[in-house]
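J.: just to be clear, the model below is a prediction. Sequence and coordinates:
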Amino acid sequence: MDSKIDSELKDATYFKYRPLDNFERFLDIVLKKRLYGALYHELNDPMEGKFSREGLEKDQLDIIYSLLKKTRICSLMKKKQGQSFPDDFLMWSHYADSHKGCCLELEITERNNSQWQLVPITYTNSLPKPVGPGKDAVELIISTKTELWKGENEVRAYRVYDTVSSNALSPYYSIKIKAIYLGKKINSERCDFIKRIITAIDNKIMVYKMEEDFISQGFYPILTPKVL
């Protein structure tokens, strides 16, 4: 990857939308400053891991599939230019439990991440076509998604492990949390409870509650953050 692009990705700010139904996992993120890296078959797009096999021999395909099985992925939404806070109504609906979850605003840290790589997603309706086996093929495959997902502005952190039993090694990607935004459907009592826990763990993390501004310019209301 171009060193300029790599530097831009490392220095960028990201959003991570997630539900709060597994509150223990949420607390683990806040306490240990880490995100879980999923195997590609655990991700929500059924096209994950699909690629064109044209021109590839069976032994080359075997190597690619073996590497994919040893790869973990952590998906992030890169903050768009001019975007101050996570105001994407659809992302809240799709990934944050229909506005009952939260969104982390975070930065990348070098701590414990030396084996991970960052790659921006390319959105195309054509299958990726690796020219041979190896980690370059894996990066091409996991960094290609259909244009259906283009609005996510996704960047992926990924790590190719040395063994299939990657659970023997840490599956986590380390982060620095700047702020946590709570969904607009969370009631004030629960917001206060969550905020107290976050502050007790790390009082440098800003906590916001998303609210609707009904001065809408379209079908969806505008989301604005309120400091808790």
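T.: In hand now; what should we look at?
J.: relative to I142, how far out is the residue lying farthest from the centre of the chain?
T.: In the chain, E57 marks the outermost C-alpha relative to the chain mean, sitting 33.0 Å out by CA atoms, centre = their mean. Distance of E57 to I142, given as CB to CB, to the nearest Å: 21 Å. Placement of C-beta: from N, CA and C, glycine included.
J.: how far out from the middle of the chain is stretch 84-98?
T.: From the chain centre to the centre of stretch 84-98 is a distance of 13 Å (CA atoms, centre = their mean, to the nearest Å).
J.: which parts of the top helix by length along the chain are buried?
T.: When the chain is parsed with DSSP state H, its longest helix is helix 188-201. Using 16 or more other CB atoms under 10 Å as the test for burial, helix 188-201 gives C191, I194, K195, I198.
J.: which element follows it toward the C-terminus?
T.: Moving toward the C-terminus from helix 188-201, the next helix or strand (DSSP states H and E) is strand 206-213.
J.: tilt between that next one and helix 188-201?
T.: 160 degrees (axes from the mean of the first three to the mean of the last three CA atoms, to 10 degrees).
J.: give me the sheet partners of the helix or strand following strand 206-213 and which way each runs.
T.: Toward the C-terminus, strand 206-213 is succeeded by strand 222-227 as the next helix or strand (DSSP H and E). Strands adjacent to strand 222-227 in the sheet, as given by DSSP bridges, are strand 206-213 (antiparallel).
J.: so what touches the strand it pairs with?
T.: 85-86, 92, 99, 178-184, 186, 188, 191, 194-195, 198-199, 221-228 (CB atoms under 8 Å, 6 or more residues apart in numbering).
J.: helices of the protein, start to end?
T.: 3-11, 23-32, 58-69, 89-95, 135-142, 188-201.
J.: return the set of buried residues in the fourth one.
T.: Okay, so that is helix 89-95. Buried residues in helix 89-95 (16+ other CB under 10 Å): F89, M91, W92, Y95.
J.: the second one now?
T.: Of the residues in helix 23-32, those buried by neighbour count under the rule 16+ other CB under 10 Å are F26, I29, V30.
J.: and these, which is closest to T163?
T.: Distance ranking of these against T163, using CB to CB, places I29 first at 25.5 Å.
J.: how much space is there between the closest one and Q115?
T.: 20 Å.
J.: nearest residue to D192 other than its sequence neighbours?
T.: L228 (7.3 Å; CB to CB, 6 or more residues apart in numbering).
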